[in-house]
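Trainee: can't give you the sequence, but here's the structure:
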Ligand code: F0G
């Protein structure tokens, strides 16, 4: 008999979870103004709000933490990280930042100005925020297949080269660079193929532009290339990662995802002049260039995390767990962005709750129902997140209205995945009883989803 698949690690330290009653949860979510970000973590049983900074570090990473060098300038931890970035990602220059959006802030302070256009696949909300804050525009050239959640496509995160070429031919004078997000979080944690990265490089070269990768989940992207793209089955993840980044001039990184640390980020680039320009902003916003908002111990843990995060066995364990949850939902007939992405399952709220008017926030309503059902916290990737148009101030209704269930790395077991699947099935089974969602009673002018306050539509 063939042995079943199992995790490539064992558990050394645990953290208790607190169960709650439905009555408690009714009270807590009301007090939280129906915004899941406002809940206290001990009011949550299984926390799928994000896979960012929520992973479990390894014994090797904790060991590296003890060896952290906290010197203000020139710490050995900085050089450990520099070596790791150079050998795994292939960039000669880098600077640490406290997280991914800080990397965007520093890099875009140099590279983005008012009136610019930044095309790419779906920009993450902080990326778009940093572009729009500078009165520039994010242009989404993701393939159309990404918007059809039922359709199988091996690389649903891809940039559509025809859309990109058309946009560039008409607007290249106002484009400082092209950005590719690997994996494409907004489209459902969907990967970008090597072929697509090559095509983007070619278009950028034609117009003499730089290519930047938003690299938060680059290793998960490499895993999908190995598994799904012809010619890569026998390459190691590290070889694939090297080739991916060979098509980029610079990268921003949120280390809280695929580098499996709780905080941190960086910018890496090939061009010394770009590094110099960024270093001024880094010193102003983040810290001196050899720590940039990170402690020495955290840089050490990150240096190890980049190595562990690009090992096949770890990635296989990780992505098979997400796939396992997807398979359970499929069994119950629950529609989600298919195939399952690398870091999360994205449930299609337009298909689950079509009876709720879209103005009443379908995905947020589903997120709240799942919390009430079992204390599981997911996150809305829909109308709240899409925010208002900066010019017209009208709500932007995105093509996809999703409830994201992000799976932290090395944290939960497949028993937890079973609880999530059954809880969602219970909500799904009573979906026709749900007729109304929520109204916004207060929102911030930008990135409203973090702090929005809601009330039930009666
Ligand atoms: N880019 C992508 C693709 C992201 O998913 C994120 C964060 C960032 C940039 C910003 O990085 O959080 O370190 O400042 N995504 C988290 C999420 C928050 O839940 O998907 P950060």
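Mentor: Noted; the coordinates are in hand. Nothing here was measured: the structure is a model prediction, and the numbers come from that model.
Trainee: what are the phi and psi values at residue 130?
Mentor: Main-chain dihedrals, residue 130, degrees, to the nearest 10: phi -70, psi -30.
Trainee: pretty sure it sits against residue 103.
Mentor: No. Checked against Cβ atoms under 8 Å, the pair residue 130 and residue 103 is beyond contact range at 9.8 Å. The C-beta positions use only the backbone N, C-alpha and C, and glycine is treated the same way.
Trainee: out of these two, which sits in the busier spot?
Mentor: Remark: of residue 130 and residue 103, residue 103 carries more neighbours, 35 against 25, as counted by other Cβ atoms under 10 Å.
Trainee: check contacts around that one.
Mentor: Listed by Cβ atoms under 8 Å, 6 or more residues apart in numbering, the contact set of residue 103 reads 97, 252, 253, 254, 265, 266, 267.
Trainee: and those, which two are furthest apart?
Mentor: Spanning the widest gap among the contacts of residue 103 are 254 and 267, at 11.2 Å by Cβ to Cβ.
Trainee: who has more neighbours, those two?
Mentor: residue 267 (31 against 28).
Trainee: now that one. Nearest residue, chain neighbours left out?
Mentor: Sequence neighbours aside, residue 103 is the residue nearest to residue 267 in space, at 4.6 Å (criterion: Cβ to Cβ, 6 or more residues apart in numbering).
Trainee: ok, residue 238 next?
Mentor: That would be residue 310: by Cβ to Cβ, 6+ apart, it lies 5.2 Å from residue 238.
Trainee: distance check, the one you found against residue 249.
Mentor: 21 Å (Cβ to Cβ, to the nearest Å).
Trainee: these two: who's more crowded?
Mentor: Counting neighbours by other Cβ under 10 Å for residue 310 and for residue 249 shows that residue 310 has the greater number, 25 against 19.
Trainee: look up how far residue 169 lies from residue 349.
Mentor: Taking Cβ to Cβ, one finds residue 349 at 36 Å from residue 169.
Trainee: so the two - more neighbours on which side?
Mentor: Between residue 349 and residue 169, counted using other Cβ under 10 Å, the more crowded position is residue 349 (28 against 11).
Trainee: ok, that one touching residue 403?
Mentor: Yes. Applying Cβ under 8 Å as the test, residue 349 and residue 403 come out as touching, 5.4 Å apart.
Trainee: how near is the most centrally placed residue in the chain to the ligand?
Mentor: Closest residue to the average C-alpha location of the chain: residue 185 at 4.6 Å, with Cα atoms, centre = their mean. Distance, residue 185 to the ligand, using Cβ to the nearest ligand atom, to the nearest Å: 4 Å.
Trainee: is the ligand within reach of the helix or strand that the residue nearest to residue 267 is a member of?
Mentor: Assigned by DSSP states H and E, residue 103 belongs to helix 100-111. Yes. Applying Cβ under 6 Å from any ligand atom, one finds helix 100-111 touching the ligand at 100, 101.
Trainee: from the chain's centroid, how far away is that helix?
Mentor: Distance of helix 100-111 from its chain centroid, counting by Cα atoms, centre = their mean, to the nearest Å, is 17 Å.
Trainee: wait, what's in contact with residue 442?
Mentor: Residue 442 neighbours (Cβ under 8 Å, 6+ apart): 33, 451, 452, 453.
Trainee: swap in residue 61?
Mentor: 260, 261, 301, 304, 305, 308.
Trainee: tally up the residues packed near the third one, please.
Mentor: Looking back up the chat, that one is residue 301. 31.
Trainee: correct me, but it touches residue 57?
Mentor: Yes. Using Cβ under 8 Å, residue 301 is in contact with residue 57, at 6.1 Å.
Trainee: where do the contact lists of those two overlap?
Mentor: By Cβ under 8 Å, 6+ apart, the residues touching both residue 301 and residue 57 are 65, 261.
Trainee: up against the ligand, what does the protein have?
Mentor: 50, 52, 99-101, 124, 126-127, 181, 185, 214, 216, 254, 256, 265.
Trainee: which of the residues you listed fall within strands?
Mentor: Under the assignment DSSP state E, the residues of the chain next to the ligand contribute 181, 214, 254, 265 to strands.
Trainee: leaving out sequence neighbours, find the closest residue to the residue in the stretch 201-350 of the chain that the ligand sits nearest to.
Mentor: Residue nearest to the ligand within the stretch 201-350 of the chain: residue 254 (3.1 Å; Cβ to the nearest ligand atom). Of all residues not flanking residue 254 in the chain, residue 100 sits nearest, at 2.6 Å (Cβ to Cβ, 6+ apart).
Trainee: could you check the pLDDT of residue 399?
Mentor: The model reports residue 399 with a pLDDT of 87.
Trainee: surely it touches residue 149?
Mentor: No. Using Cβ under 8 Å, residue 399 is not in contact with residue 149; the gap is 9.9 Å.
Trainee: so between these two, which is more surrounded?
Mentor: residue 149 (20 against 14).
Trainee: for the more buried one, give me its contacts.
Mentor: Per Cβ under 8 Å, 6+ apart, neighbours of residue 149: 188, 335, 336, 337, 338, 346, 348, 351, 400.
Trainee: which of these fall within strands?
Mentor: Short answer: these in strands (DSSP E) are 346, 348.
Trainee: as CSV, the contacts of residue 149 with neighbour count would be great.
Mentor: Converted to CSV, the contacts of residue 149 look like this (neighbours: other Cβ atoms under 10 Å):
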residue, neighbour count
188, 28
335, 17
336, 27
337, 27
338, 21
346, 29
348, 22
351, 15
400, 21
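Trainee: let me see the ranges of the strands in the stretch 251-400 of the chain.
Mentor: 265-269, 344-348, 376-377, 379-381 (DSSP state E, counting those that start in this stretch).
Trainee: mind putting these into a markdown table with mean pLDDT?
Mentor: As requested, the strands of the stretch 251-400 of the chain are exported to a markdown table (pLDDT from 0 to 100):
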| stretch | mean pLDDT |
| --- | --- |
| strand 265-269 | 98 |
| strand 344-348 | 98 |
| strand 376-377 | 98 |
| strand 379-381 | 95 |
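Trainee: relative to residue 419, which of those strands is closest?
Mentor: Taking the strands of the stretch 251-400 of the chain one by one with Cβ to Cβ, strand 376-377 is closest: 7.6 Å.
Trainee: okay then, goodbye and thanks.
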